[in-house]
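Peer 1: sequence unknown, structure follows:
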Ligand SMILES: C[S@@+](CC[C@H](N)C(=O)[O-])C[C@H]1O[C@@H](n2cnc3c(N)ncnc32)[C@H](O)[C@@H]1O
């Protein structure tokens, strides 16, 4: 039995239902079908199908990023991500970099299940409001559980391309692995929204490599091309050589404040 961080026990062997299949793989598929439905199982099968051309996988699986992330979010995604120590190292490094800028308030666009917000809460004073938005209801549902009991964190369901906040609403606005998951027009809209609602700084953890669900952008170059100041930009010193080479962390600003 595996207990995930929400205290939910995930059976690793068939034993609970008289109709349950006998192999572990079949058991997982059967459980996924019962709990998340046929679309989820089809989505997972397409994600894992070996040998599928990335462009074809993008067409079939990633035509609608919001639908993709709504299916992708949930306890299984949480367990997969939390099972990657290199990812945790990277997010700790990012949270430390952001905390070193001493933000007075933070908005995270595309907060997922709240991994970065949780680490920021540990590093920033209780008087620093933290807000997370995401367009995936399933990610937000897990975030609400993952962040339960932590004070000063607000979550909202919203698109990064149309943020429900006034101009200059936050001292620092962050994206972590979000812009890269959006096609160019939407990616551009998110960056413009980040600059609009940030009064001082924008921080980005956005990889530059391309896959079926990644578009890969040089975010620091976007700011430089618009003559906006870039305080720091470079690879993230975590993970293997390939991960480091594809990574980029940048902080842009300060501007209005
Ligand atoms: C790879 S996860 C990263 C989550 C979190 N930022 C982190 O670093 O742990 C990408 C998240 O961005 C969200 N997302 C992607 N595009 C978005 C958009 N246009 N508007 C709002 N959320 C978006 C997805 O729903 C997903 O939760």
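Peer 2: Structure received. From a predicted model like this one, the values you see are computed outputs, not experimental measurements.

Peer 1: I figured residue 256 hits residue 200, correct?
Peer 2: Yes - look at residue 256 against residue 200 with CB atoms under 8 Å: they come within range, at 7.0 Å. Where C-beta positions appear, they are placed from N, C-alpha and C, glycine not excepted.

Peer 1: Tell me which of the two has more neighbours.
Peer 2: Just comparing residue 256 and residue 200: by other CB atoms under 10 Å the higher neighbour count belongs to residue 200, 18 against 10.

Peer 1: quick one: pLDDT of the more buried one?
Peer 2: pLDDT for residue 200: 98.

Peer 1: do residue 3 as well
Peer 2: Residue 3 is assigned 40 on the pLDDT scale.

Peer 1: now do residue 33
Peer 2: On the pLDDT scale, residue 33 is placed at 88.

Peer 1: So it is in contact with residue 41, correct?
Peer 2: Yes - Residue 33 lies in contact with residue 41 (CB under 8 Å); the separation is 5.2 Å.

Peer 1: which one of those two has more residues nearby?
Peer 2: Between residue 33 and residue 41, counted using other CB under 10 Å, residue 41 has the larger neighbour count: 17 against 12.

Peer 1: how close does that one get to residue 77?
Peer 2: Distance of residue 41 to residue 77, computed by CB to CB, to the nearest Å: 15 Å.

Peer 1: burial count for the nearest residue to residue 247 once chain neighbours are set aside?
Peer 2: The shortest distance from residue 247 to any non-neighbouring residue, by CB to CB, 6 or more residues apart in numbering, is to residue 236 (4.1 Å). For residue 236, the neighbour count with other CB under 10 Å is 19.

Peer 1: same check, this time on the one 3 residues further on
Peer 2: The burial metric for residue 239, expressed as a neighbour count using other CB under 10 Å, is 19.

Peer 1: Let me know the helix or strand that the closest residue to it other than its chain neighbours is in.
Peer 2: Nearest-residue entry for residue 239: residue 86, 4.3 Å, with adjacent residues in sequence omitted and distances by CB to CB, 6+ apart. Element membership of residue 86, judged by DSSP states H and E, is helix 85-100.
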